[in-house]
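**Student:** fold the following.
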Amino acid sequence: MKIDLEKAKNILSEKFSFNADFLYSTVEKLKLKKNVRILDIGTGYGVMSIILALQGYKVTTGEPEGHNWAKWRESAKKLSVEDLITFKFFRAEDLPFEDKSFDAVFCYTSFHHIDDKKSALREFIRVIKEKGLIIIFEFNSAGVEVVRQRRPSHPDAVDPEVFSQNLPLSLEIEKGKFVNAFIFMRN
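**Tutor:** Numbering: from 1, shown residues only. As a prediction, the model looks like this:
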């Protein structure tokens, strides 16, 4: 049973719906082949993995051990996409994957939580194939404001471009209402 985005937004909470349209359309614009290997860094509530799975992609996702990651599974089950998502424990700065093993790496509102962002970006580059994509969604000022209404101590967003200096990447930016998509291509 395939569930479309509107139905998924009605089934899941506002945490899913908040940026779902922008994420979904950004993924569509990438025109990825359905058989690509995708890595999602920072599972959280599973928003990015579920958006990808709703579009028929298989996704490997994960977070460091000890983080509360189980909440994604319940949402994925409600939408019948759990079988498209594989969870593993890992740290963004030390990915347990072979070189050039993914076509795309996604990171939805997690980059600002990574301790060593430059090392993480180097790892993202290491695990993507030639001409692979790294898509980092980071809150813009409007998004930070909304998040801080619920969690006042939430950290500031960061500009991934700052951490990509001198790395073999080209960049395109898609601006959204609450998040921006930093779409890096491996040169």
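
**Student:** and the contacts of the helix-or-strand element of the chain with minimal mean pLDDT?
**Tutor:** Using mean pLDDT, DSSP states H and E, the weakest-scoring helix or strand in the chain turns out to be helix 14-17, at a mean of 87. Residues from elsewhere that reach helix 14-17 (CB atoms under 8 Å, 6 or more residues apart in numbering): 8-9, 45, 47, 50, 75. Where you see a C-beta, it was placed from the backbone N, CA and C, and this is true even at glycine.

**Student:** now do the buried residues in the longest strand seen in the chain.
**Tutor:** In the chain, taking DSSP state E as the definition, the longest strand is strand 128-139. Buried positions in strand 128-139, judged by neighbour count with 16 or more other CB atoms under 10 Å: 128, 132-139.

**Student:** what does it rub up against?
**Tutor:** With contacts defined as CB under 8 Å, 6+ apart, strand 128-139 is touched by 19, 23, 26, 30, 32, 48, 100-109, 111-112, 121, 124-125, 147, 157-160, 169, 176, 178-186.

**Student:** rewinding a little: alpha carbons of the least confident helix or strand of the chain, as CSV, please.
**Tutor:** This file holds the C-alpha atoms of helix 14-17, laid out as CSV (Å, rounded to 0.1, in the frame of the first residue of the first chain):
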residue,chain,number,x,y,z
GLU,A,14,3.4,18.2,13.1
LYS,A,15,7.0,17.3,13.6
PHE,A,16,6.8,15.4,10.4
SER,A,17,4.6,17.8,8.5
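
**Student:** tell me the buried residues in it?
**Tutor:** 16-17.

**Student:** and if you look at stretch 148-160?
**Tutor:** Neighbour counts over stretch 148-160 (16+ other CB under 10 Å) mark 154, 157-158, 160 as buried.

**Student:** gap between residue 28 and residue 54?
**Tutor:** For residue 28, the distance to residue 54 equals 11 Å [CB to CB, to the nearest Å].
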